[in-house]
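**Student:** Predicted model and sequence follow; I will ask about them next.
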Amino acid sequence: MFIVLPLNISDKAEKIVEGGNDTGAPNNPQIFKKFMITTIISIILWSIMYIYLKDQGLLLYILDIFYSNEVK
């Protein structure tokens, strides 16, 4: 999920560097926007996994596919 951190980073604006600050830091890192993007992606991925695994679970699903003839 750290893939969203470098999105929309620009160093084109004039920088005012104060003492103790990093010169390579972006002017506006848009942390809240990146937090929201990461949260939405995480909710989508976990929802897909929950819907897929909620009834039997992944192990039972795989066993059912490969060993259904032996069990029944």
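**Tutor:** That came in fine, so what should we check first?
**Student:** And for Gly20, the neighbour number?
**Tutor:** By the criterion of other C-beta atoms under 10 Å, Gly20 has 5 neighbours. All C-beta spots, glycine's among them, are computed from the backbone N, C-alpha and C.
**Student:** Which of the three states applies to it?
**Tutor:** Put simply, Gly20 is coil when judged by DSSP: H, G, I helix; E, B strand; the rest coil.
**Student:** What distance do you get for it to Pro29?
**Tutor:** From Gly20 across to Pro29, the span is 17 Å (C-beta to C-beta, to the nearest Å).
**Student:** cool, Asp64 as well?
**Tutor:** Per C-beta to C-beta, Asp64 is found 47 Å from Pro29.
**Student:** Any regions of the protein where pLDDT drops low?
**Tutor:** Across the chain, residues meeting the criterion (pLDDT under 70) sit at 1, 10-15, 71-72.
**Student:** and the closest residue in space to Asn8 that isn't next to it in sequence, how far is that from Tyr67?
**Tutor:** Take Asn8 and drop its neighbours on the chain: the residue closest to it by C-beta to C-beta, 6 or more residues apart in numbering is Gln30, 5.8 Å away. Per C-beta to C-beta, Gln30 is found 50 Å from Tyr67.
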